[in-house]
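K.L.:
Sequence first, then the predicted structure:
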Amino acid sequence: MSKHEKLLEKLLATPTPAQFKWNDLVSVLSHLGYRQLNNSGSRRKFHNAEKDLLIICHEPHPRSDVDKGCISDVVEHLKSNGLI
């Protein structure tokens, strides 16, 4: 199983993982065709040019663990748009 497959499996785990690193989320989204766009402050956008989709979430700070709500929103977005 590749690194991206393991990360995707962890992202999709039930219950929603409490510890999922920002860099891992960026890696998964990148693998699925998203490109990170920086915005003001800690807000980050991820754009999938092929399907013209946009994900917006906040980069966590000072810790690197992504908020469970963000993870749930990302998973729902990916499922509803047929990417996973």
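P.N.:
Structure received.

K.L.:
For the rest of this, base every contact and every neighbour count on C-alpha atoms.
P.N.:
Will do.

K.L.:
What average pLDDT does stretch 12-20 get?
P.N.:
For stretch 12-20, the mean per-residue pLDDT is 88.

K.L.:
doesn't His47 fall inside a helix?
P.N.:
No. Going by DSSP: H, G, I helix; E, B strand; the rest coil, the assignment for His47 is strand, not a helix.

K.L.:
let's number from 14 now, not from 1
P.N.:
Sure, I'll start counting at 14 from here, so that last one is His60.

K.L.:
Please report the distance of it from Pro75.
P.N.:
Distance from His60 to Pro75, counting by C-alpha to C-alpha, to the nearest Å: 25 Å.

K.L.:
Strands of this protein, start to end?
P.N.:
Secondary structure of the chain (DSSP state E): strands at 47-51, 56-61, 66-71.

K.L.:
Let me see the contact set for Tyr47.
P.N.:
Phe59, His60, Asn61, Ala62 (C-alpha atoms under 8 Å, 6 or more residues apart in numbering).

K.L.:
just Glu18 next, same as before
P.N.:
So Glu18 contacts nothing (C-alpha under 8 Å, 6+ apart).

K.L.:
what's across from the spatially closest residue to Ile68 that is not a sequence neighbour in the sheet?
P.N.:
Take Ile68 and drop its neighbours on the chain: the residue closest to it by C-alpha to C-alpha, 6 or more residues apart in numbering is Phe59, 5.0 Å away. Per DSSP bridges, the residues bridged to Phe59 are Gln49, Ile68.
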